[in-house]
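>>> Any chance you could fold what I've pasted below:
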Amino acid sequence: MKWGMLLSLAVGGAVFTALIVWYGAADILAAATTIGWGIVWVSLFRFAILIFDTFSWQVLLPVPGRESLGRLFWIRWIADSVNALLPVARVGGEFLRALLVYRRGLPGPIAGASVMVDLTAGILTQFVFSIVGVIAFAIISDGDADIVINLAAGLALFAAGLAGFYAVQRSQPFLKLARLMEKISNIQRWATITGGAAAMDAAIVALYRQRPAMLLCCFWRIVGWVAGTGEVWLILYLLGHPVTLMEAFVLESLGQAARSAGFMIPGGLGVQEGGLVLVGSQLGLTPEIALALSLVKRARELIVGVPGLLAWQIGEGHGFLKRHDT
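Residues are numbered from 1 along each chain as shown. Purely as a prediction, here's the structure:
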C-alpha cells in the first residue's frame with residue numbers, strides 16, 4: 001500500500017475507534033450482537049442487491065458473446081468484495097471486472113467501456129439518490145436547519161464535480177479517465193486490457209449513444225440504491241429498533257453519500273460511522289444503535305466479501321495452472 005493509503009487508513013481507523021470508545025464499546029457490541037443469526041438474512045439480502053447491480057452492467061454488454069447472468073453476477077460479486085475489503089480506493093474492483101470479462105473473450109475496449117460507463121451511471125444515480133435523501137431528511141427530521149444546509153452544501157459540491165466532469169467531456173474525456181484509472185490503480189496492464197485508451201474512448205462514446213441501454217443501466221442502478229433501504233430497515237428491525245421505510249431511506253442514502261465522500265479511506269472506515277451517528281441522531285436513534293447498525297453492515301461485508309475474495313483467488317489459481325499446463 002502507498003503511504004497515502006496507509007495514512008488514510010490510520011485516520012479512518014482512529015475516527016472509528018474514537019467513536020466506538022466515546023459512545024461505549026460494550027454497549028455498542030451488546031446492541032450489535034443482538035442480531036444473532038439474523039446476520040445471515042442480511043447477508044442474503046446483499047446478494048439480492050448485487051443482482052440489480054449486475055443487471056445494470058449486463059445491459060451495456062453486446063448481446064453476441066454476452067456472458068450469462070450467473071457468470072456476470074459471479075464477477076460482480078468478486079469485484080464488490082475487492083472494493084469493500086481491499087485498500088483500492090473503490091476502483092480496483094472495477095479494473096478486475098474488466099479483466100475477468102476480458103478473459104472470458106469480450107474485446108478489451110468493450111470490456112473497459114462497459115465498466116467505465118456503469119461506474120459513471122452509479123455515480124450519477126447516487127447523486128440523485130442523495131438529493132432525494134436530503135429532501136426526505138428535511139421533511140421528517142426535527143433537526144436544526146444548519147444540518148440540512150450542510151448536507152445541501154455537500155450536494156452542491158457533488159453537483160459541481162458532475163458539472164466539471166461534463167466540461168471535461170469536451171476533450172477526449174475517457175482517454176483522461178483511462179489514464180486516471182492507471183494512475184490511481186497503479187496497474188499498468190489496464191491499457192493492454194482495454195486495447196489502449198483511445199480505443200476505449202471510442203467504445204465508451206458508442207455506448208453513450210445507445211440511449212435505451214443507458215436508461216436501463218441507470219434504472220437498475222437506481223433500483224439497487226433504493227433496495228439498500230431494505231437492508232437498513234431489516235438490520236434495525238432485527239436489532240429491536242424498527243424504523244419506517246422513509247427513515248431507512250434517509251439513513252441509507254446519506255450514509256452511502258458519506259462513505260462515497262471518504263472513498264480514499266479503505267472501506268470508508270470512520271466516515272460511514274460518523275455519517276450514521278449524525279443522521280441517526282436526528283431521526284431518534286441513539287449513537288449506540290447507529291454504530292451497531294454500522295458494525296452489522298461491516299460484519300455483512302466480511303461474510304459476503306471474504307468468500308468473494310477466496311473465489312477470486314481460487315479462480316486465479318485454476319487459471320494459472322491451466323495456462324501453464326497448456
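>>> Whichever helix in the chain runs longest packs against which elements?
Longest helix in the chain by number of residues, with DSSP state H as the criterion: helix 287-325. On a contact count with 3 or more CB pairs under 8 Å, 6 or more residues apart in numbering; DSSP states H and E, helix 287-325 meets helix 3-23, helix 25-33, helix 38-58, helix 69-85, helix 211-238, helix 271-282. In short, each C-beta sits where N, CA and C put it, glycine included.
>>> again, only using 10 Å
The contact analysis (3 or more CB pairs under 10 Å, 6 or more residues apart in numbering; DSSP states H and E) places helix 287-325 against helix 3-23, helix 25-33, helix 38-58, helix 69-85, helix 92-103, helix 211-238, helix 245-261, helix 271-282.
>>> how about those helices in TSV, adding distance to Pro307?
Formatted as TSV, these follow (distance: least, CB to CB, whole Å):
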stretch	distance to Pro307
helix 3-23	23
helix 25-33	21
helix 38-58	10
helix 69-85	8
helix 92-103	15
helix 211-238	18
helix 245-261	22
helix 271-282	22
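>>> Determine how far the helix or strand hosting Phe127 lies from the middle of the whole chain.
Secondary structure from DSSP states H and E places Phe127 in helix 108-140. Offset of helix 108-140 from its chain centre (CA atoms, centre = their mean, to the nearest Å): 10 Å.
>>> pLDDT of it, averaged?
For helix 108-140, mean pLDDT is 87.
>>> Mind listing what's buried along that helix?
Buried positions in helix 108-140, judged by neighbour count with 16 or more other CB atoms under 10 Å: 108-122, 124-127, 129-131, 133-134, 136-138.
>>> low-confidence ranges in the chain?
For the chain, the stretches with pLDDT under 70 are 1-5, 88-90, 142-148, 150-198, 262-263, 318-326.
>>> how about Leu100, what does it touch?
Contacts for Leu100 (CB atoms under 10 Å, 6 or more residues apart in numbering) come out as 67, 71-72, 74-76, 78-79, 106, 111, 312, 315-316, 319.
>>> Mind checking which of those are buried?
Buried residues within the contacts of Leu100, counting neighbours by 16+ other CB under 10 Å: 67, 72, 74-76, 78-79, 106, 111, 312.
>>> Taking those residues together, which two end up most distant?
Distance extremes for the buried ones among the contacts of Leu100: the farthest pair is Leu106 and Trp312 at 18.0 Å, using CB to CB.
>>> Leaving out sequence neighbours, find the closest residue to Glu67.
The spatial neighbour of Glu67 that comes closest, neighbours along the chain excluded (CB to CB, 6 or more residues apart in numbering), is Arg104 at 5.8 Å.
>>> so how many other residues sit close to that neighbour?
Neighbourhood size, Arg104 [other CB atoms under 10 Å]: 13.
>>> quick one: it from Ile314, how far?
Separation of Arg104 from Ile314 (CB to CB, to the nearest Å) stands at 16 Å.
>>> do Trp220 as well
Relative to Ile314, Trp220 is positioned 29 Å away (CB to CB).
>>> and what of Gly70?
According to CB to CB, Gly70 and Ile314 sit 17 Å apart.
>>> just Leu215 next, same as before
Distance of Leu215 to Ile314, computed by CB to CB: 37 Å.
>>> With Ser43 instead?
As judged by CB to CB, Ser43 and Ile314 stand 20 Å apart.
>>> Neighbour count: the two, which is higher?
Set Ser43 next to Ile314 and count neighbours by other CB under 10 Å: Ser43 wins out with 18 against 10.
>>> who touches the more buried one in this structure?
Residues near Ser43 by CB under 10 Å, 6+ apart: 231, 299-305, 307.
>>> Might one say that Thr17 is in contact with Leu291?
No - in this structure, Thr17 is not within contact of Leu291 by CB atoms under 10 Å, at 11.5 Å.
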